[in-house]
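Trainee: Need a 3D model of the following:
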Amino acid sequence: MNAIGAIIALTSIPDAATNGAALIPLSPFTKFPSSIRRGSHQLLNMSDQRPSADGVAAQPSEAVATNDAASRAIDFLTLTRALKTTKRTGWVMRGVHNPESIADHMYRMSLMSMIASFSDGALDTNRCIKLALIHDLAEARVGDITPHCGVSDDEKHRLELETMEQISSMLGPKMGGDEILSLWKEYEDGQTEEARLLKDLDKIEMILQAQEYETEGSHEKSLDQFFTSTEGKWRTETGRAWAEEIVSRRRKTTGKNKSGEG
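Mentor: Okay, here's the model as predicted:
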């Protein structure tokens, strides 16, 4: 088993080609069902078809479109279940008891992006929230790959880009597939003011969670690396200020500073 597969739990997604009757394991290298890859979604529930006057089954174009949209939506939402069930790799490696899921991290990041952008009139709050919701979406398929997983940055990016392109095709332009892919690329590039903020908030959420685990005593190994790996890497004033507040609280509760020293 490779480095990714060793740390990422398997889940399942319904096979659209069998109308949900079969389950296929979802791992970092699982291929989407053929109907999802092609983005065709032409399979229709026969119970929804109505016979015409001459006895030949017919279906209005609006009903076809509605069924197609529903199929795409449920395929996508079923895929994202893995975000709820996959534990964040860093915490698993450090022996944290009952660690957060990828979805837990994404949700609090979304809240962070909302309140942080409220205080800066130059930022697009809606865009910030969308970026937070999308930034780790590819992990529904590839898992939470960290620098300690033995996967290069280039390979990680390739796997995630491939997944995001498939998700975009799965949803189609009418259900935001193109925009979702564009948002993910914007976050990855980290050049817009909104993306720069979100890059900081990704780290902020991580060290806040680390500080909380330390306070609870729910970890078996040191969590110092999460603080040292982010030190001095803030791109925004908000990121710097929030990090200083978290480190200050850490010092009060554990006696440690940002580098882990007492």
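
Trainee: Roughly how far does E155 sit from V142?
Mentor: 10 Å (CB to CB, to the nearest Å). Using the backbone N, CA and C atoms, a C-beta is placed for each residue, glycine as well.

Trainee: Please apply the same query to P173.
Mentor: With CB to CB as the criterion, P173 and V142 are 24 Å apart.

Trainee: Moving C-terminal from the host helix or strand of D154, which element do we reach first?
Mentor: Using DSSP states H and E, D154 sits within helix 153-171. For helix 153-171, the following helix or strand on the C-terminal side (DSSP H and E) is helix 177-189.

Trainee: Pull the residues that contact that following helix.
Mentor: Applying CB atoms under 8 Å, 6 or more residues apart in numbering, the external contacts of helix 177-189 come out as 127, 130-131, 134-135, 137-138, 157, 160, 164-165, 167-171, 192, 194-195, 198-199.

Trainee: try stretch 202-217
Mentor: 90-91, 96, 100, 105, 108-109, 112, 135, 219, 223, 226-227, 230, 233-234, 239, 242-243, 246-247, 249-250, 253-254, 256.

Trainee: Quick check, K84 in contact with S101.
Mentor: Yes - with contact defined as CB atoms under 8 Å, K84 counts as touching S101 (5.6 Å).

Trainee: Between these two, which is the more surrounded one?
Mentor: Neighbours per residue, other CB atoms under 10 Å: of K84 and S101, the larger number sits with S101, 17 against 14.

Trainee: got the buried residues for stretch 154-168?
Mentor: Within stretch 154-168, the residues that qualify as buried by neighbour count (16 or more other CB atoms under 10 Å) are K156, L159, E160, T163, M164, Q166, I167, S168.
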